[in-house]
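> Give me coordinates for this.
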Amino acid sequence: MIPILEWLKDGEIRTNNEARAKMIEVFHITQEDLNEKYSKGDSRFNGRVNWALTYLRQAGLTKTLGRGRHEITAEGRALLAEGVKYFTEKEFIARFGNVSPQFFYATKEKKAKIDVVEKDPDTHAVDPEESIHNAVHQMEEALISELLDKVKNISPSDFEKLVVELLVKMGYGGSIEDAATITKYSGDEGIDGIIKEDILGLDSIYIQAKRYSGEVIGRPTLQAFVGALSPHHAKKGVFITTSTFSNQAIEYAKAAEARIILIDGHQLCKYMLQFNLGVSTREVIEIKTIDSDYFDFN
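Below you'll find the predicted structure:
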């Protein structure tokens, strides 16, 4: 990670391919090294460079500008000014895990287990199966981060289409055609669309979909949305954003008379993974166990 950061400190915007080429030079990577593959056939070297870029972005030391283009941030420059030469994973997590803790640990309890291992090397924090699940979680969080970057860069109209398609995949609005027919600009401040709650259209859900890059959604924005529901006597609303909600906005939504669901950027992308929108399955790994019935010969 640090060699990549040092390479970016001149302020130039560089690509994934350029990062790989530079790290081949820095680490004197041989053709034999480059030929090493994971079991699924992907390059081990490319994977390590990609993960280093991902960790740097998650820590806020770099930022991405479009597809696969990276630039150092002020935080990255400050770190280099400290004279840091390398990070162990333990040191990196200790310093930057608070930026996006779910990226490194699924729960605080899992981090506590890791802390125990560091104090007592003879204590195993997780069994092999849990290690697999932890690795899958880490990969999913990296994918969510990358997916969110892409969603933030689509047009507002494409974002609204994405929201409709996701809600249909989740079981709302009937078919895409039905949803597209009833989803419309209502002309009311604070409402971007209306979708059927079920295929029969027994109730409607009012939608606010905002594609923001970094602005936190505050209480006034939620108040405007709830106020826009009143003329329609609406009792259900969903506010979806690529950004986050302030604590005041979250508490206001909980106390509102109408039922308001808030979906921030991270949760939005989790739903996209869950309902296979904008992603595809690369590999399925089977974990087998003993069939006790087979060995019951009595």
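
> Where do the helices of the stretch 1-150 of the chain begin and end?
Applying DSSP state H, counting those that start in this stretch to the stretch 1-150 of the chain gives helices spanning 2-8, 16-26, 31-34, 44-58, 74-81, 89-96, 101-104, 108-119, 128-152.

> For Tyr206, give me its contacts.
Taking CB atoms under 8 Å, 6 or more residues apart in numbering, we find Tyr206 in contact with 186, 191, 193-194, 228-229, 232, 234, 236-238. Glycine gets a C-beta too; all of them are placed from N, C-alpha and C.

> With respect to the helices of the stretch 1-150 of the chain, which exhibits the lowest mean confidence?
The weakest mean pLDDT among those belongs to helix 108-119, with a mean of 45.

> Would you mind giving both backbone torsions of the closest residue to Arg219 other than its chain neighbours?
Nearest in space to Arg219, with sequence neighbours left out and distances taken as CB to CB, 6 or more residues apart in numbering, is Gln248 at 4.3 Å. Reported as degrees, to the nearest 10, the phi and psi values for Gln248 are phi -60, psi -40.

> so what pLDDT did Gln248 get?
So, for Gln248, pLDDT stands at 94.

> Just the buried residues of stretch 65-83, please?
70, 72-73, 76, 79-80 (16 or more other CB atoms under 10 Å).

> which one among these gets closest to Arg219?
Thr73 (29.3 Å; CB to CB).

> Neighbours of the residue lying closest to Gly68 once chain neighbours are set aside, how many?
Excluding its sequence neighbours, the residue lying closest to Gly68 (CB to CB, 6+ apart) is Asn16, at 4.4 Å. Applying other CB atoms under 10 Å, we find 16 residues neighbouring Asn16.

> among the helices of the stretch 1-150 of the chain, which is nearest Phe159?
helix 128-152 (6.9 Å).

> for the next helix or strand after the closest one, packing partners?
Toward the C-terminal end, the helix or strand that comes next after helix 128-152 (DSSP states H and E) is helix 156-169. For helix 156-169, the elements it packs on are helix 176-182, strand 193-196, strand 204-210, helix 265-274, judged by 3 or more CB pairs under 8 Å, 6 or more residues apart in numbering; DSSP states H and E.
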